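Undergrad: fold the following, please.
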Amino acid sequence: MKDDLSTLGIPHRGSHEAELNAGRYLHTGLSAVHMECGVPHIPGVIVMKRLRISLLLSALAICCASTGAFAQATTSANASATIVTAISMSKTADLDFGNVVAGGSAGTVVMSAAGSRSATGGASLGNAGSAAAAGFTVSGQASATYAITLPSATTITSGGNNMTVNTFTSSPSGTGTLSGGGSQSLAVGATLQVGTSQATGSYTGSFNVTVAYN
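TA: Numbering: from 1, shown residues only. Predicted coordinates for the structure are as follows:
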């Protein structure tokens, strides 16, 4: 350092003072060079500040680029499907309340899903005849479960007269399970609303039962 200062014509007066003098000398020389080249002199402090800002902006750009690179991820998943046997249903028996005797007041005849009859109110049971719960066979995918949807009500008629059938029940109730062979028996019962002195006749109608895989 002493030799360098001597070369520049700056007397050595201690390392700290010498460095300050060297800085002043270089600053003066740089200003002279700027003036000769027609370039306005920019103080060293301003140059350093601009350099720091430039470095900070560069660092920020690199940081943003890095953040963008790690802000997402991609992976894959498999897609698959299995085609199974469609669920189906066939009727094996109709819902039959048998013979019913109407009375001086309204009543009901109940046919359970198990196939037994009972009467309430002014109605009474006649000959059972072919009385039975409705029967179906549900078929489809082995061991699959399915939902059972019953109607809320239906109407049976004889000429201009009618009776309401409601409160449907089933066995199994609500949900069924197909066997290992892919089938199950489904029974459906209901309640017949018999009016006061209901007109005699053979009353008929229909209703729908729906099954669907769960």
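
Undergrad: where does the spatially closest residue to residue 166 that is not a sequence neighbour land on pLDDT?
TA: Using C-beta to C-beta, 6 or more residues apart in numbering and skipping the chain neighbours, the partner closest in space to residue 166 is residue 153 (4.0 Å). Glycine gets a C-beta too; all of them are placed from N, C-alpha and C. Residue 153 is assigned 98 on the pLDDT scale.

Undergrad: likewise for residue 71?
TA: For residue 71, pLDDT reads 87.

Undergrad: just residue 77 next, same as before
TA: 97.

Undergrad: go on, the one 3 residues further on?
TA: The confidence metric pLDDT takes the value 97 at residue 80.

Undergrad: quick check: phi and psi at it.
TA: Per-residue torsions, residue 80: phi -150, psi 160 (degrees, to the nearest 10).

Undergrad: repeat for residue 86
TA: Main-chain torsions, residue 86, degrees, to the nearest 10: phi -70, psi 140.

Undergrad: and the gap between the residue lying closest to it once chain neighbours are set aside and residue 83?
TA: Counting by C-beta to C-beta, 6+ apart, residue 86 lies nearest to residue 140, which is 6.7 Å off, once chain neighbours are set aside. Counting by C-beta to C-beta, to the nearest Å, the gap from residue 140 to residue 83 is 13 Å.

Undergrad: check contacts around the residue nearest to residue 166.
TA: Applying C-beta atoms under 8 Å, 6 or more residues apart in numbering, one finds that residue 153 lies in contact with 164, 165, 166.

Undergrad: looking at those, which one is closest to residue 120?
TA: Within those, proximity to residue 120 (C-beta to C-beta) peaks at residue 166, which comes in at 13.8 Å.

Undergrad: that closest one falls within a strand, correct?
TA: Yes: using DSSP: H, G, I helix; E, B strand; the rest coil, the secondary structure at residue 166 is a strand.

Undergrad: on that earlier part again, does the residue nearest to residue 86 touch residue 176 like I think?
TA: No: here residue 140 lies out of contact with residue 176, judged by C-beta atoms under 8 Å, at a distance of 10.0 Å.

Undergrad: please enumerate the shared neighbours of those two.
TA: Listed as contacting both residue 140 and residue 176 by C-beta under 8 Å, 6+ apart are residue 146.

Undergrad: if we ignore the residues flanking it in sequence, what's nearest residue 95?
TA: Excluding its sequence neighbours, the residue lying closest to residue 95 (C-beta to C-beta, 6+ apart) is residue 134, at 3.9 Å.

Undergrad: so that neighbour makes contact with residue 187?
TA: Yes: Residue 134 lies in contact with residue 187 (C-beta under 8 Å); the separation is 6.9 Å.

Undergrad: give me the common contacts of those two.
TA: Shared contacts of residue 134 and residue 187, defined by C-beta under 8 Å, 6+ apart, are absent.

Undergrad: so how far is residue 107 from residue 196?
TA: Counting by C-beta to C-beta, the gap from residue 196 to residue 107 is 9 Å.

Undergrad: these two - which one has more neighbours?
TA: Taking other C-beta atoms under 10 Å, residue 196 and residue 107 do not tie; residue 107 has more neighbours (21 against 13).

Undergrad: please give me every residue in contact with the more buried one.
TA: Counting by C-beta under 8 Å, 6+ apart, residue 107 makes contact with 119, 120, 121, 122, 123, 124, 194.

Undergrad: quick revisit: most neighbours of all the contacts of residue 153, which one?
TA: residue 165 (21 neighbours).
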